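Peer 1: I need the structure of the sequence given here:
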Amino acid sequence: MTDRLEALEDWAAGLLGQLEPASRNRLARSVGRALRRSQQQRIIAQQNPDGSKYAPRKQRNVRGKQGRVKRKVKMFQKLRTSSLLKMQGDGNAIWIGYTGRIARIAKVHQYGLKDRAEQGAPNVKYEQRIVLGFTNAEHDMLRDTLLEHLTRDYPT
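Peer 2: Now for the predicted structure:
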């Protein structure tokens with residue numbers, strides 16, 4: 001996947017260098033919004049970038065719990081919201097990710113690290129669930145968006 005992204009970057013570098021800064025900024029913001037929307041849809045579908053499903057949650061012992069027990073709640077419901085999944089784009093780069101405490105939670109799941117579920121709890125090894133990553137469809141969407149933007153600015 002990284003090779004495809006680098007090849008796209010090499011292909012587009014010369015063309016993007018010829019754009020005016022304002023046009024490059026517009027392009028970066030529109031591509032960033034499209035990528036964030038795509039990542040959000042993938043998180044809603046509970047899928048890794050390769051198309052496989054997220055590893056299921058570990059079953060909890062809820063026998064002693066009083067009150068209503070929530071079941072079948074999808075993972076990362078709040079991580080997919082625009083208020084937490086940040087996007088920045090300027091003429092030089094596009095950045096999509098999390099900040100602060102949320103970034104730590106996403107990182108633990110992204111790489112399958114150990115963490116505490118709550119303060120004072122024992123360390124637990126989390127399954128790897130790739131929250132942010134490129135799919136083949138996103139590579140194609142990036143290429144198509146670049147081509148569309150370039151042909152709109154420079155009609156033949």
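Peer 1: The longest helix seen in the chain: how far from the chain's middle?
Peer 2: The single longest helix within the chain, with elements called by DSSP state H, is helix 21-44. On the basis of CA atoms, centre = their mean, to the nearest Å, helix 21-44 sits 11 Å off its chain's mean C-alpha point.
Peer 1: Where does the prediction get shaky in the chain?
Peer 2: Across the chain, residues meeting the criterion (pLDDT under 70) sit at 1-2, 60-72, 153-156.
Peer 1: Grab the most central residue of it for me.
Peer 2: Note on the chain: the residue nearest the mean C-alpha position is Leu132, at 3.2 Å, using CA atoms, centre = their mean.
Peer 1: Disregarding residues adjacent in the polypeptide, which is nearest to that one?
Peer 2: Nearest-residue entry for Leu132: Gln39, 5.9 Å, with adjacent residues in sequence omitted and distances by CB to CB, 6 or more residues apart in numbering. Heads up, the C-betas are built off the backbone N, CA and C, glycines and all.
Peer 1: mind listing what the one you found touches?
Peer 2: The neighbourhood of Gln39, defined by CB atoms under 8 Å, 6 or more residues apart in numbering, consists of 80, 85, 96, 132.
Peer 1: Hmm, the third one is touching Lys86, no?
Peer 2: Meaning Ile96. Yes: the criterion here is CB atoms under 8 Å, and Ile96 meets it with Lys86 at 7.2 Å.
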